[in-house]
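# show me the folded form of this:
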Amino acid sequence: QVQLSESGGGWVQAGGSLRLSCTASGRASNIRYMAWFRQAPGKEREFVARISSAGVGAAYADSVKGRFTISRNSAANTLHLQMNSLKFEDTAVYYCAACRSCITSSSSTTTSYGSWGPGTQVTVSS
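All right, here's what the predicted structure looks like:
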């Protein structure tokens, strides 16, 4: 089992930046993809970005493309999300997720990920 823990959330004004981090522990050596999802109040959890275990093959939701950057340090078992030019609609709880057996074509779906962190709140004021 993989345990995930997020940090770095907080409050920021629109146009500002935040950097989220996620640390993986436990059986982290066989992770295939890691991802960030988010869930705003009253909405379903949605894909934000994902990256392979080797730190390549990044993919992003259209809503964050060009503003967010996902990165991974495999040696340290950490995942990061640099969020720039934040908008009010980026306000949500952000979750780190990991999967061992998912395939590329389904690596943006919540059902592909078996390990989740507790989430970290990001609030963007307009």
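
# contact partners for Ser63?
Shown in contact with Ser63 (CB atoms under 8 Å, 6 or more residues apart in numbering): Glu89. To be clear about C-beta, it is placed using only N, CA and C from the backbone, and glycine gets the same treatment.

# so what's the residue nearest to Gln13 when sequence neighbours are not counted up against?
Computed as CB to CB, 6 or more residues apart in numbering, the closest residue to Gln13 that is not its neighbour in sequence is Ser125, at 5.4 Å. Ser125 makes contact with 11-14, 88, according to CB under 8 Å, 6+ apart.

# distance of Ser125 relative to Arg38?
Distance of Ser125 to Arg38, computed by CB to CB, to the nearest Å: 17 Å.

# and for Leu81?
Where Arg38 is concerned, Leu81 sits at a distance of 10 Å (CB to CB).

# residues that sit against both of those two, list them.
Between them, Leu81 and Arg38 share these contacting residues under CB under 8 Å, 6+ apart: 48, 94.

# quick check: Arg45 touching Thr110?
Yes. If you go by CB atoms under 8 Å, Arg45 and Thr110 touch, sitting 5.5 Å apart.

# find residues that contact each of those two.
Phe37.

# are there helices or strands packed against the helix or strand containing Tyr95, and which ones?
Assigned by DSSP states H and E, Tyr95 belongs to strand 92-99. Here strand 92-99 touches strand 2-7, strand 18-26, strand 33-39, strand 115-116, strand 120-125, going by 3 or more CB pairs under 8 Å, 6 or more residues apart in numbering; DSSP states H and E.

# so which of those is the most packed in?
Comparing the helices and strands packed on strand 92-99 by mean neighbour count (mean count of other CB atoms under 10 Å), strand 33-39 ranks first with a mean of 24.

# once you drop chain neighbours, what's closest to the residue nearest the centre of the chain?
Nearest residue to the geometric centre of the chain (CA atoms, centre = their mean): Trp36, 1.7 Å. Nearest in space to Trp36, with sequence neighbours left out and distances taken as CB to CB, 6+ apart, is Val48 at 4.2 Å.

# the one you found and Ala35, how far apart?
7 Å.

# what does Ala97 give?
From Ala97 over to Ala35 (counting by CB to CB), the distance is 5 Å.
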